[in-house]
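J.: Kindly generate the corresponding structure for this input.
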Amino acid sequence: MSQTNSGKDSQASEAKKTISLPISRVRLIMKSSPDVSSINHDALFLTTKATELFVQHLALTSFNNRSQTEANTLNYSDLAKTAEESDTFHFLTDILPKKILAQDYLKTLEQMQDEDSDF
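T.: So this is what the prediction gives:
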C-alpha cells in the first residue's frame, strides 16, 4: 500500500515539473467564477497545462509572423497582429487590440461623427 502512495506522490511531483505556470494563480482565477465551488486537482492540472500550451502556441505563431525588425524579439504589436489576422486567435482582438496613437483615434472618431451627421 505504501508503494502505491509513493508512486502517486512521484507522479504528482513529475506532473508539477512539466508545467511552468503557477497552479495557485490558475486556481485563484478559476475560483473567481461564481459557478465554481470546488476544483478537482486533475482538472486544475489539465487547465493549467492547456493554458500553458495555448500561450505557447500564441507566442510561437506571433513570433513566426512578426515583423523582422528585431531579431529574436516578440512585441505586443506582434501579438495584436496575430490576433487580428488569424482566424484561430480572432477572439482575442478585444483583449489584444492594435495600439493606435490618440491623435489617430480622435481623427477616426471625428470622421465617424461626420458620417453620422450626414444621415
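J.: For stretch 59-66, buried residues please.
T.: Along stretch 59-66, the positions that meet the burial threshold by neighbour count (16 or more other C-beta atoms under 10 Å) are 61-62, 66. C-beta coordinates here come from the backbone N, C-alpha and C atoms, glycine included.
J.: what distance separates that stretch from the centre of its chain?
T.: Computed by C-alpha atoms, centre = their mean, to the nearest Å, the separation of stretch 59-66 from the middle of its chain amounts to 14 Å.
J.: for this structure, what spans make up the helices?
T.: Under the criterion DSSP state H, helices of the chain are mapped to 2-17, 23-31, 41-64, 76-85, 102-118.
J.: quick one, which of the ones you listed is nearest to residue 94?
T.: For the helices of the chain, the distance to residue 94 is smallest for helix 76-85, at 9.0 Å, taking C-beta to C-beta.
J.: No further questions, thank you.
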